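J.: build me a model from this:
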Amino acid sequence: FVIAGADIQHVPCGPDDDFLTELERSIKNTWPKPKMLVLNYPSNPTTECVELEFFEKVIKIAKEHEIWVVQDLAYADIAFDGYVAPSIMQVKGAKDIAVEFFSLSKSYNMPGWRVGFMVGNPTLVGALAKIKSYLDYGMFTPIQVAAIEALEGDQTCVQEISDMYQDRRDVLCGGLNSIGWEVTPPKATMFVWAKIPESYQAMGSLEFTKKLLKIAKVGVSPGVGFGDYGDQYVRFGLIENEHRTRQAIRGIREMFKADGLL
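T.: Numbering: from 1, shown residues only. From the prediction side, this is the model:
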């Protein structure tokens, strides 16, 4: 989008916002008319999840206003408690106006390998293939071979990876709730999007993140780094094992005690 000189606009999608209503309002109130809508469900950083009905409505809106749709399905397989993340390509007629990205980074534990694919509308797929030819000389062949083996081989590992993240989620969310930091366990992704406790809200996410790092020795991402709507939140990454996660909970608990919250 930067290469194309696009003007990027954000649509509110907080807990008190109806995203589809806000989307239609934004389309009607924006000039020049938007050309493309970018989605990411299950979402990073908010962990928001949707059902197929949501994508059906998105495609309907996009066709009415002649807007391309790009959906990032990076966390398709990192889903918990029986939730199954839908693909926008399941919607009838989606390929007329949409594409979807998938990455092997999460499902197959291949971060840094930079391998994935896009499916959907031939015009957009062709445009990506064209610009990709100017950006590099192709992917290292052994990585391509490994990616093919991952996709065509035994898929047991995918569920094992998802189960690992679910166990970490349960330890983190259970621990935070036990010390008075109310969080809702996410249904998908490798993150927990946690609203800053009321006693620290006035600090904002950046200062609260610094405090957690300095006092509790816990590293999180400040919500403001993901946009103005995120300043009341921090994002935990489920990247540490359960033992280290419990250590983090103890550090946060001691910080709360020192501040008179426990």
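
J.: could you pull out the buried residues of stretch 178-197?
T.: 179, 181, 183, 185-197 (16 or more other C-beta atoms under 10 Å). Yep, even glycine has a C-beta here, placed from its N, CA and C like the rest.

J.: just stretch 240-251 next, same as before
T.: By 16+ other C-beta under 10 Å, the buried positions in stretch 240-251 come out as 240, 245, 248, 249.

J.: give me the below-cutoff pLDDT ranges for the stretch 1-150 of the chain.
T.: Scanning the stretch 1-150 of the chain for pLDDT under 70 picks out the ranges 16.

J.: for it, which segments are assigned as helices?
T.: Under the criterion DSSP state H, counting those that start in this stretch, the stretch 1-150 of the chain contains helices at 19-28, 52-65, 104-107, 122-135, 141-152.

J.: touching stretch 175-189 from outside, list them.
T.: Stretch 175-189 is touched from outside by 42-44, 47, 49, 75, 78-81, 83, 85, 169-170, 173, 192-195, 197, 245-246, 248-249, 252-253, 256, 261-262, with contacts defined as C-beta atoms under 8 Å, 6 or more residues apart in numbering.

J.: looking at the helices of the stretch 1-150 of the chain, which is buried most?
T.: Greatest average neighbour count among the helices of the stretch 1-150 of the chain goes to helix 104-107 (a mean of 20), per mean count of other C-beta atoms under 10 Å.

J.: now for it, which elements pack on it?
T.: helix 141-152, helix 156-178 (3 or more C-beta pairs under 8 Å, 6 or more residues apart in numbering; DSSP states H and E).

J.: distance of the residue nearest in space to the middle of the chain from residue 130?
T.: For the chain, residue 44 is the residue whose C-alpha lies nearest the centre (C-alpha atoms, centre = their mean; 1.6 Å). Distance, residue 44 to residue 130, by C-beta to C-beta, to the nearest Å: 27 Å.

J.: again, but for residue 31
T.: Taken as C-beta to C-beta, the span from residue 31 to residue 130 is 29 Å.

J.: also residue 162?
T.: 35 Å.

J.: ditto for residue 224
T.: Residue 224 is 36 Å from residue 130, by C-beta to C-beta.

J.: check residue 95 too.
T.: Distance, residue 95 to residue 130, by C-beta to C-beta: 19 Å.

J.: likewise residue 236?
T.: Residue 236 is 39 Å from residue 130, where distance means C-beta to C-beta.

J.: next one: residue 150
T.: The gap separating residue 150 from residue 130 is 27 Å, by C-beta to C-beta.

J.: got it, and residue 214?
T.: 48 Å.

J.: and residue 38, by the same measure?
T.: Taking C-beta to C-beta, one finds residue 38 at 19 Å from residue 130.

J.: what does residue 88 give?
T.: Residue 88 is 23 Å from residue 130, by C-beta to C-beta.
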